[in-house]
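[1] structure of the sequence below:
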Amino acid sequence: MGPNHVDHLEGADADKHRLRIVLETISGERSVEQACEELGVSASRFHELRREALQAALDGLAPGAAGRPKHEDPSADQERLKALERENRELMLELQASYTRTEIALAMPHVLTAQGKAAIKKKARQARRAKRRGSVGSGGGT
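    All right, here's what the predicted structure looks like:
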């Protein structure tokens with residue numbers, strides 16, 4: 001059957017015709033000059049086409065990796081999903097805190113004055129001190 005095997009391949013008829021002519025020159029059924037005339041190309045272009053066809057055939061016949069292709073580990077996908085969900089929750093909390101700070105700033109602009117900030121810092125320091133005293137005192141058995 002030789003070059004007629006091309007008829008059973010999938011592809012455009014024009015491409016099959018060119019491949020058949022290339023194969024006919026390899027099998028000796030057609031000369032390079034006849035092939036160039038049939039295809040309307042120069043000899044150098046024909047040799048380039050033949051080399052490309054043979055290289056593609058060689059590449060297609062090269063053995064691949066044995067076995068089935070590796071797939072991603074589904075447990076890794078689950079871990080990634082859990083991490084993204086955790087990050088999403090944290091970001092949502094941060095966003096809600098930002099909204100709350102904005103609402104407070106709009107409702108109570110006096111808090112943003114220097115005196116208001118100083119008072120807030122003072123109360124925060126006192127709360128931290130009280131918390132430290134409470135945790136030191138509770139552990140000592142007083």
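
[2] and the helix or strand containing L49, what's buried?
    Secondary structure from DSSP states H and E places L49 in helix 43-61. Using 16 or more other C-beta atoms under 10 Å as the test for burial, helix 43-61 gives 46, 49-50. Glycine gets a C-beta too; all of them are placed from N, C-alpha and C.

[3] ok, so of those, who is nearest D77?
    Nearest to D77 among the buried residues of helix 43-61, counting by C-beta to C-beta, is L49 at 45.7 Å.

[4] which residue is the nearest non-sequential neighbour of that closest one?
    V22 (6.4 Å; C-beta to C-beta, 6 or more residues apart in numbering).

[5] likewise for V41?
    L49 (7.1 Å).

[6] and the pLDDT for the one you found?
    Per-residue pLDDT puts L49 at 92.

[7] from what I see, it and I21 are in contact.
    No: look at L49 against I21 with C-beta atoms under 8 Å: they stay out of range, at 9.1 Å.
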